[in-house]
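[1] how would this look folded up:
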Amino acid sequence: MSTAPHSPADWPGKKFGLPESGARSVARAGRRILALALDWIIASVLSLILVPQPQAGGSAAWTATNPFATLGIFAVLQVLFIATAGGSIGHLIFGMRVVPLSPGWVGIVKPIARTVLLCLAIPAVIWDHDQRGMHDRLVGTVLVRR
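    Here you go, the predicted model:
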């Protein structure tokens, strides 16, 4: 994390040449949280359908999702959609995309590494001045508005 003070004229993404607002500006926390929640709901529903957990007593009714299955489905969806569509389902619905700081395609390695770090949770809640989570910072990506 940068320890240098920032002037009031600075905004997230300025040092990367990103605009203060609008398209290609750094996505703010509200959109990120909504996208994450939507992605988790989708993974939970798929987990409920694909990996049902029987109730106590042997009943076949579905009562809960398997947390590891949900996390695995979440991870697969993140990698698949970021690598092919530029963002997760939640990102795309809430008008965001993941872009590399270097020119070109985000590739497959960055989405895999980003997702592993995101699934660990801690890197995702540590943000720098540019509002990039450590999972984005460590792999050289930024989440921007479309």
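
[2] any low-confidence regions in the chain?
    By pLDDT under 70, the low-scoring segments of the chain are 1-8, 54-63.

[3] Just the element for the residue nearest to the spatial centre of the chain, please.
    Centroid-nearest residue in the chain: L36, 6.2 Å away (criterion: C-alpha atoms, centre = their mean). According to DSSP states H and E, L36 maps onto helix 29-50.

[4] what does the next helix or strand after that helix rub up against?
    Next along the chain after helix 29-50, taking DSSP H and E as the criterion, comes helix 67-85. Contacts to helix 67-85, defined as C-beta atoms under 8 Å, 6 or more residues apart in numbering, come from residues 39-40, 42-44, 46-47, 50-51, 87-89, 91-92, 98, 106-108, 110-112, 114-116, 118-119. For every residue, glycine as well, the C-beta is placed using N, CA and C.

[5] likewise stretch 15-30?
    Residues contacting stretch 15-30 (C-beta under 8 Å, 6+ apart): 11-14, 96, 101, 130-132, 142-146.

[6] Buried residues of that stretch, list them for me.
    Buried residues in stretch 15-30, counted by 16 or more other C-beta atoms under 10 Å: L18, R24, S25, V26, A27.

[7] before we move on, back to that, which residues touch the residue nearest to the centre of the chain?
    G90.

[8] and the gap between it and G87?
    Noted for L36: a distance of 12 Å to G87, by C-beta to C-beta, to the nearest Å.

[9] what do you get for A69?
    Applying C-beta to C-beta to A69 and G87 gives a distance of 23 Å.

[10] Show me which of the two is the more surrounded one.
    Neighbour count, other C-beta atoms under 10 Å: between A69 and G87, G87 has more, with 26 against 18.
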